[in-house]
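Trainee: Could you work out the structure for the sequence below:
(chains A and B)
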Amino acid sequence: DGGITQSPKYLFRKEGQNVTLSCEQNLNHDAMYWYRQDPGQGLRLIYYSQIVNDFQKGDIAEGYSVSREKKESFPLTVTSAQKNPTAFYLCASSFVRGPLHFGNGTRLTVT
Amino acid sequence: KNEVEQSPQNLTAQEGEFITINCSYSVGISALHWLQQHPGGGIVSLFMLSSGKKKHGRLIATINIQEKHSSLHITASHPRDSAVYICAAYNFGNEKLTFGTGTRLTIIP
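Mentor: Numbering: from 1, shown residues only, chains lettered A, B, ... in the order given. Next up, the predicted model:
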């Protein structure tokens, strides 16, 4: 079955460590996105990519980095520069201007 | 004021009731998404519409572009409909998707 896989579901890290969240899709979608969800707020865009080897910053890119070396994969690294990294992270993909398909999310806790 | 506002924020209803969730937006849009987020966190896309009305099973979404308003209706609600429903305004011009903060729906058996 086609879909988006995010791993792991839960992730715990110590402050000061970088951590990478995985996102893989087999829907042949061109566009991929990373969103952050915090309680009481709408989803906020971190980074997005519409084509391999190209990506753009979203509204809250500071402290995050991404790569898009393959169409299927769009990993997100939360760096130690991110001031408040504890959150729920959602990856999504779509055909350009098409409906979004979301993964099940990764809940990151940094202590 | 948020660019995308949803109401109500929380809604509790009895099984079988007709449910309406509203979404108003102040940004220019090309299309509007309705999404469903279950307690585990995963999000499912329900509808993407740019005019009129769409129906899928017991769910109906409508949009009035002139009034900048969309509604999601659930007929014959069921406890499995309990989730957070999120609307998102999509502007093709700047490729920007702006999300509402969601409506938490609880259906009591």
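Trainee: Specify the local secondary structure of the residue of chain A found nearest chain B.
Mentor: Closest to chain B within chain A is A:Gly42: 3.4 Å, counting by Cβ to the nearest Cβ. C-betas here are computed from N, CA, C, even on glycine. Recorded secondary structure, A:Gly42: coil (DSSP: H, G, I helix; E, B strand; the rest coil).
Trainee: State the number of residues packed around it.
Mentor: As a burial measure, A:Gly42 scores 20 neighbours (other Cβ atoms under 10 Å in any protein chain shown).
Trainee: and the residue nearest in space to the middle of chain A, what helix or strand is that in?
Mentor: Nearest to the mean C-alpha position of chain A, counting by Cα atoms, centre = their mean, stands A:Trp34 at 3.1 Å. Assessed by DSSP states H and E, A:Trp34 sits inside strand A:31-37.
Trainee: Next secondary structure element downstream of that strand?
Mentor: Counting by DSSP H and E, what follows strand A:31-37 is strand A:44-51.
Trainee: List the contacts of that next one.
Mentor: With Cβ atoms under 8 Å, 6 or more residues apart in numbering or on different chains as the test, strand A:44-51 has contacts from A:30-38, A:55-61, A:64, A:66, A:68, A:74, A:76, A:89, A:96, B:95-97, B:99.
Trainee: Give me the sheet partners of it and which way each runs.
Mentor: strand A:31-37 (antiparallel), strand A:54-57 (antiparallel) (DSSP bridges).
Trainee: any idea which of those is most buried?
Mentor: Most buried of these by mean neighbour count (mean count of other Cβ atoms under 10 Å in any protein chain shown) is strand A:31-37; its value is a mean of 24.
Trainee: what mean pLDDT does that one have?
Mentor: Averaging pLDDT along strand A:31-37 gives 95.
Trainee: same check, this time on stretch A:93-100
Mentor: Rounded mean pLDDT across stretch A:93-100 is 89.
Trainee: Could you do stretch B:94-109 as well?
Mentor: 92.
Trainee: mind checking the end-to-end distance for it?
Mentor: Taking Cα to Cα, to the nearest Å, the first and last residues of stretch B:94-109 lie 44 Å apart.
Trainee: pLDDT below threshold where in the chain?
Mentor: Unless you meant another one, I'm taking chain A. Along chain A, the model assigns pLDDT under 70 to residues A:1-2.
Trainee: um, chain B though
Mentor: Along chain B, segments meeting pLDDT under 70 span B:1.
Trainee: now the strands for it?
Mentor: All strands of chain B, identified by DSSP state E, fall at B:4-7, B:10-14, B:19-25, B:31-37, B:43-49, B:52-56, B:59-64, B:69-74, B:83-91, B:96-99, B:103-108.
Trainee: Could you dump those strands into JSON lines and include distance to chain A and mean neighbour count?
Mentor: Formatted as JSON lines, these follow (distance: least, Cβ to the nearest Cβ, whole Å; neighbours: other Cβ atoms under 10 Å in any protein chain shown):
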{"stretch": "strand B:4-7", "distance to chain A": "7", "mean neighbour count": "18"}
{"stretch": "strand B:10-14", "distance to chain A": "12", "mean neighbour count": "13"}
{"stretch": "strand B:19-25", "distance to chain A": "11", "mean neighbour count": "19"}
{"stretch": "strand B:31-37", "distance to chain A": "7", "mean neighbour count": "23"}
{"stretch": "strand B:43-49", "distance to chain A": "4", "mean neighbour count": "19"}
{"stretch": "strand B:52-56", "distance to chain A": "11", "mean neighbour count": "12"}
{"stretch": "strand B:59-64", "distance to chain A": "12", "mean neighbour count": "18"}
{"stretch": "strand B:69-74", "distance to chain A": "15", "mean neighbour count": "20"}
{"stretch": "strand B:83-91", "distance to chain A": "7", "mean neighbour count": "22"}
{"stretch": "strand B:96-99", "distance to chain A": "3", "mean neighbour count": "21"}
{"stretch": "strand B:103-108", "distance to chain A": "11", "mean neighbour count": "17"}
